[in-house]
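*Asks:* Turn this into a model:
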Amino acid sequence: MIPTSPSDPTPSSAPSTPSAPSASTPTPPTTSSAGSAASVVAAVRGRLIVSCQAPPGDPMRDTATLVRLARSAAAGGAAGIRVNEPDVVAAVTAAVDLPVIGLWKDGDTGVYITPTVRHALAVAEAGAQVVAADATDRPRPDGGSFADLVAAVHAAGALVMADVATLEEGVRAARQGADLVSTTLSGYVPGSPRQSGPDLDLVAALASATGVPVVAEGRIGTPEEAAAALARGAHSVVVGTAITAPTALTHRFVTHLTRP
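*Replies:* As a prediction, the model looks like this:
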């Protein structure tokens, strides 16, 4: 779910983790985690992942509240949960028996979805089975590479979901070792098409070209759109705002009713 207001700053209490060495070739998850990695991917195949996040200043931005959202999503049949920040990842992981896709938003411009190895390892250490990170071609704030991040997360025993905006970025991320590729950033990064609905053409193109599971995410507002994403080749579908954002949903209704 892409927030409509600036993302949260880095908490001062966040764990500090040394950067991993540069990786020139993809590094798979450790052998001991290979079985669990396969089970995580299988668990979300053809199913719904619910993004339980809230932007800064929103009344829903509270760890206990987000945990309740995650539990509600699980009760409704979700196959996985996507959440932001290590403390929320840890709390949700403890509360639901589902794969957790974790990320850490730091800032609100450029690469801010899990931008560095330090952020990625903090998310993995909090318990996320999958770490989602920006894999666009924009420079990372620490000068590192997406391949470095993939290698570090795999060494920690977790999987990597590459959040991309274009076909080229998705193909490159898969070659760098990403375990899943998501359309999260399509329409939010210069060079990707702006549209009101999900980028189903990108879903189909990635599914055909990458050889890794593709996750449809971004502006999926109805069950019909979610089903259409699966029909176009998505391995699974992430829905956030349409399920877990009452402030945004209320504003949508209010705006419609006040139109002249």
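
*Asks:* going forward, measure contacts and count neighbours with C-alpha atoms only.
*Replies:* Will do.

*Asks:* hang on, residue 212 packs against residue 177?
*Replies:* No. Checked against C-alpha atoms under 8 Å, the pair residue 212 and residue 177 is beyond contact range at 9.5 Å.

*Asks:* Those two: who's more crowded?
*Replies:* The residue with more neighbours, out of residue 212 and residue 177, is residue 177; 24 against 20, by other C-alpha atoms under 10 Å.

*Asks:* Hmm, that one is touching residue 149, no?
*Replies:* No. Counting by C-alpha under 8 Å, residue 177 stays clear of residue 149, with 9.8 Å between them.

*Asks:* hey, where'd the strands end up in the stretch 1-150 of the chain?
*Replies:* Listed in chain order, the strands of the stretch 1-150 of the chain (DSSP state E, counting those that start in this stretch) span 48-51, 80-84, 100-103, 130-134.

*Asks:* Surely residue 194 is within a strand?
*Replies:* No. Applying DSSP: H, G, I helix; E, B strand; the rest coil, one finds residue 194 to be coil, outside a strand.

*Asks:* ok, for it, nearest residue in space, not its chain neighbours?
*Replies:* residue 187 (4.5 Å; C-alpha to C-alpha, 6 or more residues apart in numbering).

*Asks:* Now for the one you found: which residues touch it?
*Replies:* Counting by C-alpha atoms under 8 Å, 6 or more residues apart in numbering, residue 187 touches 165, 193, 194, 195.

*Asks:* Could you measure from it over to residue 165?
*Replies:* In this view, residue 187 and residue 165 are 7 Å apart by C-alpha to C-alpha, to the nearest Å.

*Asks:* among the strands of the stretch 1-150 of the chain, which is nearest residue 157?
*Replies:* Taking C-alpha to C-alpha, strand 130-134 is the member of the strands of the stretch 1-150 of the chain nearest to residue 157, at 9.3 Å.

*Asks:* Just want the angle from that closest one to strand 80-84.
*Replies:* 50 degrees (axes from the mean of the first three to the mean of the last three C-alpha atoms, to 10 degrees).

*Asks:* list the helices and strands strand 130-134 packs on?
*Replies:* If you count contacts as 3 or more C-alpha pairs under 8 Å, 6 or more residues apart in numbering; DSSP states H and E, strand 130-134 packs onto strand 100-103, helix 117-125, strand 159-163.

*Asks:* From the contact counts, what lies against the longest one?
*Replies:* Counting by 3+ C-alpha pairs under 8 Å, 6+ apart, the packing neighbours recorded for helix 117-125 are helix 86-95, strand 100-103, strand 130-134, helix 146-155.

*Asks:* Could I get the average pLDDT for it?
*Replies:* What helix 117-125 shows for mean pLDDT is 98.

*Asks:* how far out from the middle of the chain is it?
*Replies:* Centroid separation for helix 117-125 versus its chain: 14 Å, with C-alpha atoms, centre = their mean, to the nearest Å.

*Asks:* burial of the nearest residue in space to residue 247 that is not next to it in sequence, as a residue count?
*Replies:* For residue 247, ignoring the flanking residues on the chain, the nearest one in space by C-alpha to C-alpha, 6+ apart is residue 58 at 7.5 Å. Neighbourhood size, residue 58 [other C-alpha under 10 Å]: 14.

*Asks:* List the contacts of residue 208.
*Replies:* Taking C-alpha under 8 Å, 6+ apart, one finds residue 233 in contact with residue 208.

*Asks:* which SS class is it?
*Replies:* The three-state label given to residue 208 by three-state DSSP is helix.

*Asks:* Relative to residue 68, how far out is it?
*Replies:* Going from residue 208 to residue 68 by C-alpha to C-alpha gives 37 Å.

*Asks:* what do you get for residue 151?
*Replies:* Taking C-alpha to C-alpha as the criterion, residue 151 is separated from residue 68 by 33 Å.

*Asks:* out of those two, which sits in the busier spot?
*Replies:* Taking other C-alpha under 10 Å, residue 151 and residue 68 do not tie; residue 151 has more neighbours (27 against 15).

*Asks:* so what pLDDT did the more buried one get?
*Replies:* Taking residue 151 on its own, its pLDDT is 98.

*Asks:* repeat for residue 55
*Replies:* We have a pLDDT of 95 for residue 55.
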